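1. Sequence and predicted structure below; questions after.
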Amino acid sequence: MPDFTRTRFVLAVLDLARSTDYYTSALGLGVEFTAPGWTFLARGSFRVMLGECTDATPPAELGDHSWYGYITVSDATALYAEYRAAGVEFIQPLADKPWGMREFGIRTIDGHRIMFGQELQG
């Protein structure tokens with residue numbers, strides 16, 4: 001059976017330039033490609049496409065539907081410190097969970113929520 005080789009999230013944002021700046025300066029992603037109305041960003045194997053949708057419902061108004069990803073990382077503690085220094089808004093502090101993950105959650109400048117977690121060794 002064919003493998004899935006990459007995941008790319010697609011997010012509607014109200015102001016593409018503002019959101020692109022946030023993802024690059026606060027979250028440390030690099031720009032892979034731009035096209036009219038779109039920015040493609042990456043950090044490691046994490047990929048996101050930001051599409052400007054000026055008439056979309058702001059994610060902050062979507063409640064539970066503003067969750068869009070759980071990203072497994074190699075060092076959650078270091079990433080948490082990096083994001084704290086960058087002024088990222090946290091919705092869940094860094095903590096070890098009973099399901100074997102060290103994780104934390106953030107809210108992006110647009111209101112999307114993302115969880116980041118590191119697998120704990122038994």
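-> Yes, it's here.

2. any idea how the protein splits into domains?
-> 1-54, 66-122 (automatic domain parsing).

3. Let me have these in CSV, extended by distance to residue 60, mean pLDDT and mean neighbour count.
-> From N, CA and C alone the C-beta is placed, and that goes for glycine too. Formatted as CSV, those follow (distance: least, C-beta to C-beta, whole Å; pLDDT from 0 to 100; neighbours: other C-beta atoms under 10 Å):
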stretch, distance to residue 60, mean pLDDT, mean neighbour count
domain 1-54, 10, 94, 14
domain 66-122, 3, 94, 15
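
4. At which residues are the helices of this protein located?
-> Under the criterion DSSP state H, helices of the chain are mapped to 16-25, 76-85.

5. From one end of stretch 4-12 to the other, what's the distance?
-> Start and end residues of stretch 4-12 are separated by 23 Å (C-alpha to C-alpha, to the nearest Å).

6. do the same with stretch 31-46
-> With C-alpha to C-alpha, one end of stretch 31-46 sits 12 Å from the other.
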